[in-house]
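[1] sequence first, predicted coordinates after that:
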Amino acid sequence: MRKEDCFYLGKIAKKFSFKGEVLAYLDTDEPELYENLESVFVECNKHLVPFFIESSSLHKNDFLRVRFEDVNNEEEADALLGNDLYLPLKMLPKLTGNKFYFHEVIGFEIEDKRLGIIGEIQSVNDTTAQPLFEVIQDGVEMFIPMIDHFLIKIDRENKKVIMDLPEGLVEMYL
């Protein structure tokens, strides 16, 4: 399995027991969706390795207490600490309406209600306080804030994000 075909689920945060159990931090709003997984991919030395789950249960909201097959003691659990967890993209719950995954809108056009098509989404920058669409139009890079108030519609069929952007936002880049 390639990393590009997967989504980040979380990270193995700490050991839980002397029998090899670990606590995995789940980076999701709905951790209960991942309580009964059969397996996950653990990133080990930049490779995704499948690990089968013997048992798991939610622990304090954002953590999943996991017992992996063939991880039977503290030393084996230690080797997994800090490693990222991934699942195949096909396991993401389907979103509808104006909810979307960041990876889903890459390549979509942004259409402003007033100005029309303003460019194509190249990536999403979520390292800032406010996530931003990174948009390219005729070689010019623009950063469009992902604010619910600006977002009118996600048109999956036509691969467009339709927005009502404030006057001057796009113009300052052109």
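    Yes, it's here.

[2] max-length strand in the chain?
    Across the chain, the strand with the greatest residue count (assigned by DSSP state E) is strand 47-59.

[3] in that strand, what's buried?
    For strand 47-59, a neighbour-count test (16 or more other C-beta atoms under 10 Å) marks L48, F51, S56, H59 as buried. (Glycine included, C-beta is placed from N, CA and C.)

[4] for stretch 143-155, same thing?
    In terms of neighbour count (16+ other C-beta under 10 Å), stretch 143-155 has its buried residues at I144, P145, M146, F150, L151, I154.

[5] equivalent analysis for stretch 91-110, please.
    Buried-residue list, stretch 91-110, by 16+ other C-beta under 10 Å: L92, F100, V105, F108, E109, I110.

[6] in the protein, where is pLDDT below threshold?
    Nowhere does the chain drop to pLDDT under 70.

[7] where do the helices sit along it?
    Along the chain, the segments classed as helices by DSSP state H run 74-78.

[8] can you map out the strands along it?
    For the chain, applying DSSP E gives strands covering 6-15, 22-26, 39-44, 47-59, 63-68, 84-88, 109-112, 116-125, 132-137, 140-145, 151-155, 160-163.

[9] which one of those lies closest to E32?
    Closest approach to E32 among the strands of the chain (C-beta to C-beta): strand 47-59, 6.5 Å.

[10] give me the sheet partners of the closest one and which way each runs.
    strand 39-44 (antiparallel), strand 63-68 (antiparallel) (DSSP bridges).

[11] okay, angle between it and strand 6-15 too, please.
    60 degrees (axes from the mean of the first three to the mean of the last three C-alpha atoms, to 10 degrees).

[12] still on that earlier bit, how about the strands of the chain, which one is nearest L33?
    Of all the strands of the chain, strand 22-26 sits nearest to L33, with 9.1 Å by C-beta to C-beta.

[13] buried residues in that closest one, which are they?
    Buried residues in strand 22-26 (16+ other C-beta under 10 Å): V22, L23, A24, Y25, L26.

[14] now what about that strand, what contacts it?
    9-16, 34, 59, 62-66, 68, 71, 77, 80-81, 85 (C-beta atoms under 8 Å, 6 or more residues apart in numbering).

[15] just the buried members of those?
    Buried members of the contacts of strand 22-26, counted by 16+ other C-beta under 10 Å: 9-13, 15-16, 34, 59, 62-66, 68, 71, 77, 80, 85.

[16] ok so, going back, of all the strands paired with strand 47-59, which lies closest to E30?
    strand 63-68 (12.2 Å).
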